[in-house]
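**Student:** The following block contains a protein sequence and its predicted model.
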Amino acid sequence: MEQSTGDRYDFKTVEAKWQQQWAHTKPYKVSSEPGRKKYYVLEMFPYPSGRIHMGHVRNYSIGDVIARYQRMRGYNVIHPMGWDAFGLPAENAALKRGIHPAAWTYDNIDYMRDQLKAMGLSYDWDRELATCDPQYYRWEQLIFQKMMEKGLVYRKKTTVNWCDSCETVLAREQVIDGCCWRCDQQVVPRTMHGWFFKITAYADELLDDLDKLTGWPEKVVTMQRNWIGKSEGLACDFPVEGRDTGITIFTTRPDTIFGVTFMSLAVEHPLIEELIAGTEHEQPVRDFIAAALLEKQRKAVDEEPEKHGIFTGAYCINPFNNERIPIFAANFVLMEYGTGAVMAVPAHDQRDYEFARKYELTIKTVIQPAGPETVDPHPDEAFVEPGVLVDSGNFTGMDSAAAGKAIIEHAAREGFGRAHITYRLRDWGVSRQRYWGAPIPVIHCDRCGIVGVPEKELPVVLPGTDSPDGSHAPLHQQEEFIRTSCPACGGPARRETDTMDTFVESSWYFARYTSPDCRTAPIDKDEARYWLPVDQYIGGVEHAILHLLYSRFFTKVLRDLGYLDIDEPFRNLLTQGMVIKDGAKMSKSKGNVVDPNDLINKYGTDTVRLFSLFAAPPERDLEWNAQGVDGASRFLNKVHRLIHAHKQCFSGNGPAAAQLDESSRLLHRKTHQTISKVTDDIESSFHFNTAISAVMELVNLASSMPGENRKIDPAIMRECLETVILLLFPMVPHFCEEMWQVTGHESTLDNAQWPVCDAKAVAEDAVTVIVQVNGKVRARLEVPAAIDDDELRKLASGDERVIKFTDGKEPKKIIVVPKKLVNIVI
RNA sequence: GCCCGGGUGGCGGAACUGGUAGACGCAAGGGACUUAAAAUCCCUCGAAGUUCUCUUCGUGCGAGUUCGAUUCUCGCCCCGGGCACCA
């Protein structure tokens, strides 16, 4: 029979015990309390793929520390969790295993919810939501309607990025290196109708408000700025010779407009067909376009195709100097950016330069570097810097900046051009041809056109979800669903069959968490006003553009629709690094996956949480190390032993002796230094790794303190151990609750206050001063902390180890850093 | 190519605004306890030299600024991430 000595911490019993208690007493359930300061902690909600992985463990451990810490700081903390539940894997699973996507999803949610509960995360589970719940997406459908009324939604026929394997359209952001972000299949262009959100209407605000995001990593802000890609310049019309039409171009370099020697059109440019029809160029140009389109489609991931072009036979006129400009079709001009037409200035643009060289076109210099005149008759690259204009009519002699302005003004006055702003950002295509998504709440009527489903008829429920064998075919194959009557005229009509991009759901879930059961509106305004914005958002950097940009957009839209009062959803953003093993991201294909379940069963969740926090600062990648987990486990056991060894000091609660012995003073000081260090590490940078190190140091000191016969003052030991428990509580909550109880405390730590550092206790009475000779460390002096510089200087130069190196020479200079260092220069 | 990160012991990582490089942990080696193992405790642990106490070198490489540089400046090398014909 095993003889329990009580020195081994029984995590299984303890963790189960506290999780049960939390399920009962719901200490993390919160409600708004106007007048009380709030704190909103949010981790990016998971897709219910089946089971949690190490990335989740890390993400939620970080979030839980912050939530528990802020509670101890007195904040009313909201910390919700839910499920990003629509999406393709559910449909794939349905195909593969014959389970309905809804059943698959809800089963996964049940399983993963248990896993999260087994981690002891302090969520307010009463706020849990799943985006595939009609009670969630009905409000999304309402928002869609309201956006439609505001003109922020439209339908258009465009060339879209199509993924054959997912059988759906992808947004531009979802195409990575020409492949689908989800399945890595090559995407292909396809022309179809689709619904779009006018995110470009908010381009300027999305850009300008980036400056407000001072709590975001600079990297993410930069990525968003580049994504929006605002450029200012001139839009200018070049009339086509002998025709009634013109070509509009956009340029950021109006100062080079006198250097235009040809025009390049995107191969998709609609004007080309008109220009070549019936001419000798018709066939060759058509062939060229066909080849270019094919090449574009096949384009390998990072190869930059060679620049080709072909003359269309047509000319246009530069309105500034009436020069005749040949028009080319070129494979490097993007139809999707600007106007699909580029004025080519080979002297001052590298691409145009290469093109001109290849086809032996004129290169006309119109910008010279400022300063002493330089002549470069045959440059081998374009001069792309700003400079001084030459050979540019009335604008000759002006500098680039001034000339740019003057040229735009001139064009505007003459009526053939205007100042213009172009964005790289494009509208957000939200149509998906998939089953498992929120239906777009629209009806097509032959007589009335497109009609929104009336508010009282929402939600448009996804058909087939009421029974396990309901059809989960894409909606365009579900005739029963499609057939309906027009809400306007009552005549026969057809429902829209596209569902929404799942990024729509995740663009506003953080707001719904503030009032997840609201039956009258997407968001209860009072609740939102109290809780929003999110104070700390935590997730992977892979969402730096997609999810975070869409959420910012939605926040502004919801504000303009009157649902929210905020401009930005996330005040502070922490992007955590990946969990890697053997130098590579954990993935099934690499076979280096560590299953959190196994670890939690073996070590307990507190140990796993502790290690994931200790092994690296959150923003960095975390290298998983099984032996490191042993270390974390060992540490908790050490604390457990230490507390049991000193249990008697909790029996009284008398004050410390007025005159403390040396060891007690040392421990008291270290205790308060640790409070200060841990608080600072969490507050300033979430560097839990160094916070944990600091607590380890304190524990090491306490364990090494003299035993039975020469006891530490019990009040001081009690203070130390209570501090250890309090400081560790946000990271290892089950363990700490148990220790708190074992040491005789009646209340739980959920109501505990974060310890406060006593500045008086922290002050050292002796300091170590470094003595250097010529910058090299030669001695260390233990001196009273109150020592002044003169005395220090004297002490240092008199030290025998120093004299050995000064060699009797007179010092040139003595540098004294008070209470820290003396450097004697000879 | 451009824009961000990052290169520190065998490993993960510390080092506040320039001031003891390597905290804390892991691994390794030695020892104690034990019939034995586990657990625990103690010692060593950047390199070389060494009179065992020190000395020299050492934070990707090369310069520079400084009394003093992991930290600041310039130039390069390597690794990771993002963007990439944006007119």
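**Tutor:** Yep, that arrived.
**Student:** just the helices in the stretch 401-550 of chain A please.
**Tutor:** Taking DSSP state H, counting those that start in this stretch as the criterion, the stretch 401-550 of chain A carries its helices at A:479-482, A:502-505, A:509-512, A:525-531, A:546-560.
**Student:** Tell me which of those is the most buried.
**Tutor:** Comparing the helices of the stretch 401-550 of chain A by mean neighbour count (mean count of other C-beta atoms under 10 Å), helix A:509-512 comes out on top with a mean of 24. All C-beta spots, glycine's among them, are computed from the backbone N, C-alpha and C.
**Student:** Touching that helix from outside, list them.
**Tutor:** A:42, A:45, A:82, A:84, A:129, A:131, A:136, A:139, A:522-523, A:528, A:532, A:534, A:537, A:551, A:555, A:558, A:563-564, A:569-570 (C-beta atoms under 8 Å, 6 or more residues apart in numbering).
**Student:** at 10 Å what do you get?
**Tutor:** Identification of contacts with helix A:509-512 by C-beta atoms under 10 Å, 6 or more residues apart in numbering yields A:40, A:42, A:44-45, A:80, A:82-84, A:127, A:129-131, A:135-136, A:139-140, A:505, A:516, A:518, A:522-524, A:527-528, A:531-534, A:537, A:551, A:554-555, A:558, A:563-564, A:566, A:569-570.
**Student:** ok, of those residues, which come out buried?
**Tutor:** With burial judged by 16 or more other C-beta atoms under 10 Å, the buried subset of the contacts of helix A:509-512 is A:40, A:42, A:44-45, A:80, A:82-84, A:127, A:129-131, A:136, A:139-140, A:505, A:516, A:518, A:522-524, A:527-528, A:531-534, A:537, A:551, A:554-555, A:558, A:563-564, A:566, A:569-570.
**Student:** Which one of the helices of the stretch 401-550 of chain A lies nearest to A:E205?
**Tutor:** Shortest separation from A:E205 across the helices of the stretch 401-550 of chain A is recorded for helix A:546-560, at 6.0 Å, computed as C-beta to C-beta.
**Student:** Quick one: mean pLDDT for that closest one?
**Tutor:** Helix A:546-560 carries an average pLDDT of 95.
**Student:** and the helix or strand following that helix with helix A:546-560, angle?
**Tutor:** Per DSSP states H and E, the first helix or strand lying C-terminal to helix A:546-560 is strand A:570-576. With axes from the mean of the first three to the mean of the last three C-alpha atoms, to 10 degrees as the basis, strand A:570-576 and helix A:546-560 are set at 170 degrees to each other.
**Student:** Just name whatever secondary elements strand A:570-576 is in contact with.
**Tutor:** strand A:38-43, helix A:54-72, helix A:218-228, strand A:534-540, helix A:546-560 (3 or more C-beta pairs under 10 Å, 6 or more residues apart in numbering; DSSP states H and E).
**Student:** Which positions in the longest one come out as buried?
**Tutor:** Buried positions in helix A:54-72, judged by neighbour count with 16+ other C-beta under 10 Å: A:54-72.
**Student:** Pick out the residue of the stretch 101-250 of chain A closest to RNA strand B.
**Tutor:** Among the residues of the stretch 101-250 of chain A, A:K219 lies closest to RNA strand B, at 3.6 Å counting by C-beta to the nearest atom of the strand.
**Student:** Next one, pLDDT for that residue please.
**Tutor:** 88.
**Student:** neighbours around it, how many?
**Tutor:** By other C-beta atoms under 10 Å, the residues close to A:K219 number 12.
**Student:** measure it to A:K809 for me?
**Tutor:** According to C-beta to C-beta, to the nearest Å, A:K219 and A:K809 sit 52 Å apart.
**Student:** Equivalent analysis for A:I440, please.
**Tutor:** A:I440 is 87 Å from A:K809, by C-beta to C-beta.
**Student:** can you check A:T605 too?
**Tutor:** To A:K809, A:T605 is 64 Å away according to C-beta to C-beta.
**Student:** Please apply the same query to A:M696.
**Tutor:** For A:M696, the distance to A:K809 (C-beta to C-beta) stands at 46 Å.
**Student:** and those two? which has more neighbours close in?
**Tutor:** A side-by-side neighbour count of A:M696 and A:K809, using other C-beta under 10 Å, places A:M696 first with 17 against 9.
**Student:** pretty sure that one contacts A:K638?
**Tutor:** Yes. Contact criterion C-beta atoms under 10 Å: A:M696 and A:K638 qualify, at 8.8 Å.
**Student:** remind me which residues of the stretch 251-400 of chain A are low pLDDT?
**Tutor:** A:297-304, A:371-379 (pLDDT under 70).
**Student:** Which residue ranges of it form strands?
**Tutor:** Taking DSSP state E, counting those that start in this stretch, the strands of the stretch 251-400 of chain A run over residues A:262-266, A:309-317, A:324-330, A:341-344, A:367-368, A:388-389.
**Student:** As TSV, those strands with distance to RNA strand B and mean neighbour count would be great.
**Tutor:** Formatted as TSV, those follow (distance: least, C-beta to the nearest atom of the strand, whole Å; neighbours: other C-beta atoms under 10 Å):
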stretch	distance to RNA strand B	mean neighbour count
strand A:262-266	6	24
strand A:309-317	11	21
strand A:324-330	8	21
strand A:341-344	4	25
strand A:367-368	14	22
strand A:388-389	16	24
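**Student:** and the stretch 251-400 of chain A, which of its residues are near RNA strand B?
**Tutor:** A:251-253, A:266, A:302, A:304-305, A:307, A:331-335, A:337-340, A:342-343, A:349, A:351 (C-beta under 7 Å from any atom of the strand).
**Student:** Helices - which of the residues you listed land there?
**Tutor:** Among these, the members found in helices (DSSP state H) are A:R351.
**Student:** Filter the residues of the stretch 251-400 of chain A next to RNA strand B down to just the buried residues.
**Tutor:** Applying 16+ other C-beta under 10 Å to those, the neighbour count classes A:251, A:253, A:266, A:307, A:331-333, A:337-340, A:342-343, A:349, A:351 as buried.
**Student:** hmm, which two among these are most spread apart?
**Tutor:** A:R253 and A:N331 (21.7 Å).
**Student:** can I get the helices of the stretch 401-550 of chain A in a markdown table with distance to RNA strand B?
**Tutor:** Below are the helices of the stretch 401-550 of chain A laid out as a markdown table (distance: least, C-beta to the nearest atom of the strand, whole Å):
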| stretch | distance to RNA strand B |
| --- | --- |
| helix A:479-482 | 36 |
| helix A:502-505 | 15 |
| helix A:509-512 | 23 |
| helix A:525-531 | 31 |
| helix A:546-560 | 9 |
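**Student:** for those, which one sits closest to A:S684?
**Tutor:** helix A:546-560 (23.1 Å).
**Student:** where does that closest one sit relative to the chain's centre, distance-wise?
**Tutor:** 14 Å (C-alpha atoms, centre = their mean, to the nearest Å).
**Student:** now stretch A:720-731
**Tutor:** Distance, stretch centre to chain centre, for stretch A:720-731: 31 Å (C-alpha atoms, centre = their mean).
**Student:** Stretch A:680-693 now?
**Tutor:** For stretch A:680-693, the distance to the chain centre is 21 Å (C-alpha atoms, centre = their mean).
**Student:** List the contacts of that stretch.
**Tutor:** By C-beta under 10 Å, 6+ apart, the list of residues contacting stretch A:680-693 from outside reads A:61-62, A:65-66, A:69-70, A:73, A:536, A:538, A:572, A:574, A:576, A:609-620, A:622, A:632, A:635, A:674, A:677-679, A:694, A:727-728, A:730-732, A:754, A:757.
**Student:** filter these by proximity to RNA strand B?
**Tutor:** The subset of those within reach of RNA strand B, by C-beta under 7 Å from any atom of the strand, is A:614-617, A:620, A:622, A:632, A:635.
**Student:** that older thread, please render the strands of the stretch 251-400 of chain A as TSV that adds distance to A:Q283 to the earlier fields.
**Tutor:** Shown next, in TSV, are the strands of the stretch 251-400 of chain A (distance: least, C-beta to C-beta, whole Å):
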stretch	distance to A:Q283
strand A:262-266	18
strand A:309-317	11
strand A:324-330	13
strand A:341-344	23
strand A:367-368	39
strand A:388-389	41
